[in-house]
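Undergrad: One predicted model, sequence on top.
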Amino acid sequence: MPTDITLHMPPPNEKQKLALLEKHRYVGYGGARGGGKSWFVRWKATLLALKFRGIKILITRKTYRELLNNHIVPLLSMLRGIAVYNKSDKCFTFANGSTIWFGYCANDGDLGQYQGAEYDVWFADEAGQFLESWIVAIDACIRGANDFPKRTYFTLNPGGPSHGYFKRLFIDRRYTEEEYAEDYAFIQALVSDNVALMKSQPNYKRSLEKLPPKIREAWLHGSWDVYEGQFFEDFYDRPEHYEDRQWTHVIEPFEIPEGWKIFRSFDWGYNKPFSCGWWAMDYDGVAYRILELYGCTKTPNEGVKWTPPQVFAEIHRIETEHRWLRGRKITGIADPAIWDAETGESIADVAAKHQVFFQPGDHKRIPGWMQMHYRFAFDENGLPMLYVFRNCKAFIRTIPLLQYDDHKPEDLDTDGEDHVADEVRYFCMSRPIKPAHAKIADQYSKTPMAMFLDIPKEDIKSVIRRPGLEIIE
């Protein structure tokens, strides 16, 4: 292999330079469209391969086609005479023994190619498209008894199946007992940081600016609170306006008037998290989520699983001690599945033993999601039919992260953390409302042409009375 070949690296922009210099165990880079992420992956991998003799590097995308277009083909040109590519192994080999391998993961079956493998550095390009379980499995391959750096680089955009996982790590910086904050670093790169792209495609930023507001916030400004595929994009959590009930759903708690009705909604997880929410409803039918109890696999203090008796004992304690609930009549609504008694005693039976009673909820999914959308909708004054007290953190955290089902786009993807959403729809279905724009919908039903012509009802007859068009009253 020739030894007199020079590799010319174009100057990185400021954000790419920061990413190239990062040495944390886990590095997140990106956060918006057009941030120069693929360029970073190719050059950082190449620089590591040239610096460390015998280092083993892995680059992944969801599909092989994406790997080919975004990395393999550009590297074939970039590394001509510097590294040899083996098509069957999907690997570049350098003269110093370093290697850059390529892998994909579109389903659980693809994880087999990483079983028993060892790499020193992993570049997970567009990592948000991977499931969290895939990320954990592949990251376990970053090991080895050598002195090479052990790092994982994630290039990211808001959205995708692991949106919540990366938002927790890099944006919210909330860590489990097995994770350490000092291992993580995030560099946000926006399209405006990509000087090369701005020069070659000056209209690209304009195309992002024309997108619908929520997608624009994610793709152009890198907002992790909104993103493509978000199921409840009509839920607005605006912390700076907690005291204002206009154009927001999350508000500061207040004392519940005596005359308001109180409800409890419940979803039992069956080896998954359970969710219980308490609601107050005012005289106009506006619902307020005032309290919640959300149980993961372990209790906060005891380090053991929540059992059904523990859950309902805690619910009973809250209802007998909390000033908003104590002495009130509470109507409970739950998933009908809690009445199943295959092992002799149902979840509903256990609840009743602790004086916690429910009635079966209507668990139809699509109508339930629509009722949630109806309540999230703002009227002409910017007021919705559902509010959430700021202390209901499980609702505020999980509802924005839920995504559409790829195979049934009118439904929610059940792989997400949907336990709060399930009990909320049981509640909403127990007190259904009409959509905020019911009057408009009724107008269209009487004069369907108005829907397509988008004209006022009072003008519809004069416009439609043209040759070849007929009004059917």
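TA: Yes, it's here.

Undergrad: any weak-confidence spans in the protein?
TA: 1-4, 31-35, 190-223, 225-229, 238-243, 271, 296-304, 342-343, 409, 436-473 (pLDDT under 70).

Undergrad: mind giving me the domain split of it?
TA: 14-219, 239-430, 446-473 (automatic domain parsing).

Undergrad: Same list, these, but as JSON lines with mean neighbour count and distance to residue 231 please.
TA: To be clear about C-beta, it is placed using only N, CA and C from the backbone, and glycine gets the same treatment. Shown next, in JSON lines, are the domains of the chain (neighbours: other Cβ atoms under 10 Å; distance: least, Cβ to Cβ, whole Å):
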{"stretch": "domain 14-219", "mean neighbour count": "18", "distance to residue 231": "12"}
{"stretch": "domain 239-430", "mean neighbour count": "17", "distance to residue 231": "4"}
{"stretch": "domain 446-473", "mean neighbour count": "11", "distance to residue 231": "25"}
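
Undergrad: could those be laid out in a markdown table, adding distance to residue 7?
TA: Listed next are the domains of the chain as a markdown table, based on distance: least, Cβ to Cβ, whole Å:
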| stretch | distance to residue 7 |
| --- | --- |
| domain 14-219 | 6 |
| domain 239-430 | 41 |
| domain 446-473 | 57 |
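
Undergrad: Give the closest residue to residue 394 in space, chain neighbours not counted.
TA: Nearest residue to residue 394, sequence neighbours excluded (Cβ to Cβ, 6 or more residues apart in numbering): residue 294, at 3.7 Å.

Undergrad: Name every strand pairing with the helix or strand the one you found falls within and say which way it goes.
TA: Here residue 294, judged by DSSP states H and E, is contained in strand 287-295. Next to strand 287-295 in the sheet, as set by DSSP bridges, lie strand 274-281 (antiparallel), strand 386-389 (parallel).

Undergrad: which secondary structure elements does the following helix or strand past it contact?
TA: Going down the chain from strand 287-295, the next helix or strand is helix 308-321, by DSSP H and E. For helix 308-321, the packing partners by 3 or more Cβ pairs under 8 Å, 6 or more residues apart in numbering; DSSP states H and E come out as strand 274-281, strand 287-295, helix 347-353.

Undergrad: chain center to stretch 235-255, what's the gap?
TA: Relative to its chain's centre, stretch 235-255 lies at 21 Å (Cα atoms, centre = their mean, to the nearest Å).

Undergrad: likewise stretch 328-337?
TA: A distance of 29 Å separates the centroid of the chain from that of stretch 328-337, by Cα atoms, centre = their mean.

Undergrad: my guess is residue 30 contacts residue 37, does it?
TA: Yes: contact status for residue 30 versus residue 37: in contact at 4.7 Å, counting by Cβ atoms under 8 Å.

Undergrad: For the most centrally placed residue in the chain, list the residues it contacts.
TA: Among the residues of the chain, the one closest to the centroid is residue 401, at 3.3 Å (Cα atoms, centre = their mean). Applying Cβ atoms under 8 Å, 6 or more residues apart in numbering to residue 401 gives the contacts 163, 164, 167, 416, 417.

Undergrad: would CSV of these with distance to residue 120 be doable?
TA: Formatted as CSV, the contacts of residue 401 follow (distance: Cβ to Cβ, whole Å):
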residue, distance to residue 120
163, 28
164, 28
167, 27
416, 33
417, 33
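
Undergrad: Next step: those residues restricted to helices.
TA: Using DSSP state H, the subset of the contacts of residue 401 located in helices is 163, 164.
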